[in-house]
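**Student:** What follows is a predicted protein model with its sequence.
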Amino acid sequence: MSKIGVFLSTFNPIHNGHIFIANELKSKYNLDKILLVPSNIVINKIEELPPIKNRSEICKLACCNCDNIMVYNIQHDSNLSCVFSILQEIKNNFCNDDLYLIVESNLFLSFELLYKHDKIFDMAFILPVAFSKCEYKLMKRKAKQFEHKVAINIFKHVSSEFVRIKYAQGLKCSDYLDNKVEHYILENNIYCGNDRLFRECFNASKNRLSSKRFYHCQMVAKAAKDLARLYNEDEKKAEIAGVLHDIVKEQDDKYLLRIMKDSGVELNEIEQKTPQIWHSIAGAIYCEKYLGIENEQIISSIKYHTTGNRDMTTFEKIIYMADCVSEDRKHEDVEIEREIVKKDLDKALLFQLKKCITLLCEREVLIHPKTFECYNQICQKNFKWRWLPI
């Protein structure tokens, strides 16, 4: 009787992190071998999947030099989206062996939604994999719902999404993938395409936000694209910045502080007392560090979309104003702003900054210095002042 690990994932694409996890779990639980099983199982998120044939080939290349780690291809394509059917087929072929099902957090946190999930426990011991302390805590609570044995493991992990977004930008991922895997991906143009980067960013935003917040991001992306066309800026980049600008908006303060702290960002005294702007600072870090966005225009526009900044670029002003005049906005004077922004970006920005500063003063709350700097710089640049007698 052997102990066989069944690593079930979309492997979209498989990367060094997956192989590291497989080796670690094989050693930790004394598994005789691990089967990598590419599937089409995507729960509670949107993910574009290349053909299973491509992902299987990539997995074979990734594990070709690994001891007792191999690819298992499901015989019937109709089973690729059903955990129970996949495991049943494997169990039939390894009827005298003990199976250990390795699944990532997203799948385990929705385990009770799976077809015949109770029967899955009868066929295999479950080894869920968490990629953060937050996920680990959520999975511990989930495990208590089941009477069966579950052993949760936590790893640091480079996501497949990160790799896909790198490729969509025309960048290489040699640090994260086996050379043979990267060669296959590039040779077959698997994660390339004109709109691939926007689609990946669109999905990343949708997977992390409520429907209401995501709708707002869609509208900001649309407004940003229109303004970019009007002011001769890159429409695709503007659309991406718009759809990503609030990507961490719904995360709690502890999460945002951890992102900033882990990246060495030290908040000044005013920033420490104004958590309403943290999502823009942390969002810029998140997009660069966790999504792999390398375009400085996109990153800086996300960072300053709430406070503004001195000497803002045209692109940064576009994202700032797109957030203010998007179709979903209903605030007073929004129609006036929409007309102004079509004619003069600086005047529109000044109009919005005056409203923002006035409102914050009325509420008697702190105002970020960058907001004043932005206001003063635009006034100084665009408008003549009359000296008044004292």
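**Tutor:** Done, it's in. Quick caveat: nothing in here was measured; it's all calculated off a predicted structure.

**Student:** Let me see the ranges of the strands in the chain.
**Tutor:** Counting by DSSP state E, one finds strands in the chain at the ranges 3-9, 33-38, 69-71, 98-104, 124-130, 153-154.

**Student:** winner for burial among those strands?
**Tutor:** The highest mean neighbour count among these, using mean count of other Cβ atoms under 10 Å, belongs to strand 33-38: a mean of 25. C-beta here means a position set from N, CA and C on the backbone, and glycine is covered the same way.

**Student:** Name the surrounding residues that touch it.
**Tutor:** 2, 4-11, 14, 18, 22, 25-26, 52, 55-56, 59, 62-63, 68-74, 86, 90, 102 (Cβ atoms under 8 Å, 6 or more residues apart in numbering).

**Student:** Which parts of stretch 270-286 count as buried, going by neighbours?
**Tutor:** 271, 274, 277-286 (16 or more other Cβ atoms under 10 Å).

**Student:** from the residues you listed, which two are the most distant?
**Tutor:** Greatest spacing in the buried residues of stretch 270-286, by Cβ to Cβ: T274 and Y286 (18.7 Å).

**Student:** residues touching the residue nearest in space to the middle of the chain, list them.
**Tutor:** Centrality entry for the chain: nearest residue to the mean C-alpha point is A204, 4.2 Å, by Cα atoms, centre = their mean. By Cβ under 8 Å, 6+ apart, the residues touching A204 are 161, 165, 244, 247, 291.

**Student:** just to revisit the earlier point, take the buried residues of stretch 270-286 and write them to JSON lines, including distance to E48 and pLDDT.
**Tutor:** As requested, the buried residues of stretch 270-286 are arranged in JSON lines below (distance: Cβ to Cβ, whole Å; pLDDT from 0 to 100):
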{"residue": "E271", "distance to E48": "37", "pLDDT": "93"}
{"residue": "T274", "distance to E48": "38", "pLDDT": "94"}
{"residue": "I277", "distance to E48": "33", "pLDDT": "96"}
{"residue": "W278", "distance to E48": "31", "pLDDT": "97"}
{"residue": "H279", "distance to E48": "27", "pLDDT": "97"}
{"residue": "S280", "distance to E48": "28", "pLDDT": "97"}
{"residue": "I281", "distance to E48": "30", "pLDDT": "97"}
{"residue": "A282", "distance to E48": "26", "pLDDT": "97"}
{"residue": "G283", "distance to E48": "23", "pLDDT": "98"}
{"residue": "A284", "distance to E48": "25", "pLDDT": "98"}
{"residue": "I285", "distance to E48": "25", "pLDDT": "98"}
{"residue": "Y286", "distance to E48": "21", "pLDDT": "97"}
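
**Student:** can you tell me which of these are in helices?
**Tutor:** Of those, the ones assigned to helices by DSSP state H are 271, 278-286.

**Student:** for the buried residues of stretch 270-286, which one is nearest I120?
**Tutor:** Distances from I120 to the buried residues of stretch 270-286, taken as Cβ to Cβ, are shortest for Y286 (33.6 Å).

**Student:** Just want the phi and psi numbers for the nearest residue to that closest one once chain neighbours are set aside.
**Tutor:** What sits nearest to Y286 in space, not counting adjacent residues and going by Cβ to Cβ, 6 or more residues apart in numbering, is V248, at 5.2 Å. Phi and psi for V248, reported as degrees, to the nearest 10, are phi -110, psi 10.

**Student:** returning to that earlier point: return the members of the contacts of A204 classed as buried.
**Tutor:** In those, burial by neighbour count holds for 161, 165, 244, 247, 291, counting by 16+ other Cβ under 10 Å.

**Student:** Contact partners for the fourth one?
**Tutor:** In this structure, I247 makes contact with 204-205, 208-209, 217, 283, 286-287, 291, judged by Cβ under 8 Å, 6+ apart.

**Student:** what do you get for Y115?
**Tutor:** So Y115 contacts 82-85 (Cβ under 8 Å, 6+ apart).

**Student:** try 10 Å this time
**Tutor:** 81-85 (Cβ atoms under 10 Å, 6 or more residues apart in numbering).

**Student:** Let's see the pLDDT reported for it.
**Tutor:** Per-residue confidence (pLDDT) for Y115: 89.

**Student:** ok, now A151?
**Tutor:** For A151, the predicted pLDDT is 90.
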